[in-house]
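A.B. asks: Just need the structure, nothing else, for what follows:
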Amino acid sequence: MTYHQYAPPSVLKPYVRYFWSYDSHQSEEKHLQIKSFADRYPRFIFQDLEHFVPIHKQDGEKMPACYISGIYTKDSVSIIGGTFSHFGISFHPHALHVFFGVEAHELVNTVPEIQLFCRSDIQSKLALAKSHHERVIISSKYLADKISTFNRIDPLVTQIIHSQAIDESANVWGVAHNLKISERSLERKFKIAIGVTPKKLQRIARFEKALQLLTQTRYSQLTELAHHLNYSDQSHFINDFRQFSGITPYEFVKNKRLGSDSSSFICPT
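C.D. replies: So this is what the prediction gives:
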């Protein structure tokens, strides 16, 4: 398997974290699972279906060739063959509203095809591209053109996202007070621009930090990790982790992972 990340042009950096590509040329008979957990970073995904088979949902439904994945607040599982070629865009949490105009809460836990949101020929252009580097150029122009055409940017939400004012330990309503905005107004802005409340985004951010620490660090006890993440006790940490991933921290550590992007992991079946 080959995974690469590509930096966005400066005009897109407030909204795009990175472009990425993932290719595998294992046996077509081999099947893998894509285990996706709660994730505050929306995605744009293109599958090369001319030469490879598509991702399937767990119920057997085929995923579109080109689709958006909104913020996820729960776990999901998809199935993919051992040979595939994917190109994607990892967005900052507030980007989908900026680029596609839809209120972001409508996209939470959904994976709609791109053609529902724009009449652009972006899908066919990506299919005709000769390399992932060419896809970066094509999709960068596609997104940059959208920024110049529409004005859906909420400066306050953008400031909060890039200042990391709402991290895993912040007082969410203290942030609203400091910005001289009511709690209800802040929630409304977040639902439109991001899709979830500030508190839910904070919980997902803390969960993602737990994933990172469990992957990179050995903790002698979960109590130590729970304390590091500002949970009141170990049981609250385990319950939160299970809600966002469908498994316990112990099960996550034991699971074999072949690759990952954000809070999605490719695992053997």
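A.B. asks: residues contacting the most centrally placed residue in the chain?
C.D. replies: Geometric centre of the chain, nearest residue: residue 41, 3.2 Å, by CA atoms, centre = their mean. Residue 41 makes contact with 17, 71, 90-93, 262-263, according to CB atoms under 8 Å, 6 or more residues apart in numbering. Heads up, the C-betas are built off the backbone N, CA and C, glycines and all.
A.B. asks: how about the helices in the stretch 51-200 of the chain?
C.D. replies: Residue ranges of the helices in the stretch 51-200 of the chain, as given by DSSP state H, counting those that start in this stretch, are 95-100, 122-128, 132-149, 155-163, 172-178, 183-193, 198-216.
A.B. asks: hey, least reliable of those by pLDDT?
C.D. replies: Among those, helix 172-178 has the lowest mean pLDDT, at a mean of 82.
A.B. asks: how far is that helix from where the chain is centred?
C.D. replies: Put simply, helix 172-178 sits 25 Å off its chain's centre (CA atoms, centre = their mean, to the nearest Å).
A.B. asks: and if you look at stretch 253-269?
C.D. replies: With CA atoms, centre = their mean as the basis, stretch 253-269 stands 15 Å off its chain's centre.
A.B. asks: same question, stretch 4-14
C.D. replies: 16 Å.
A.B. asks: And for stretch 115-131?
C.D. replies: Using CA atoms, centre = their mean, the offset of stretch 115-131 from its chain centre is 20 Å.
A.B. asks: and it, C-alpha only, in CSV?
C.D. replies: These are the backbone C-alpha positions of stretch 115-131, laid out as CSV (Å, rounded to 0.1, in the frame of the first residue of the first chain):
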residue,chain,number,x,y,z
GLN,A,115,-23.2,15.6,-8.1
LEU,A,116,-25.9,16.4,-5.5
PHE,A,117,-24.1,19.6,-4.6
CYS,A,118,-22.6,20.9,-7.8
ARG,A,119,-23.0,20.5,-11.6
SER,A,120,-19.2,20.7,-12.2
ASP,A,121,-17.5,18.1,-14.2
ILE,A,122,-14.9,17.6,-11.4
GLN,A,123,-15.6,13.8,-11.3
SER,A,124,-14.8,13.3,-15.0
LYS,A,125,-11.7,15.5,-14.8
LEU,A,126,-10.3,13.5,-11.9
ALA,A,127,-11.1,10.3,-13.8
LEU,A,128,-9.1,11.5,-16.8
ALA,A,129,-6.1,12.7,-14.8
LYS,A,130,-2.9,10.8,-15.4
SER,A,131,-1.6,11.0,-11.8
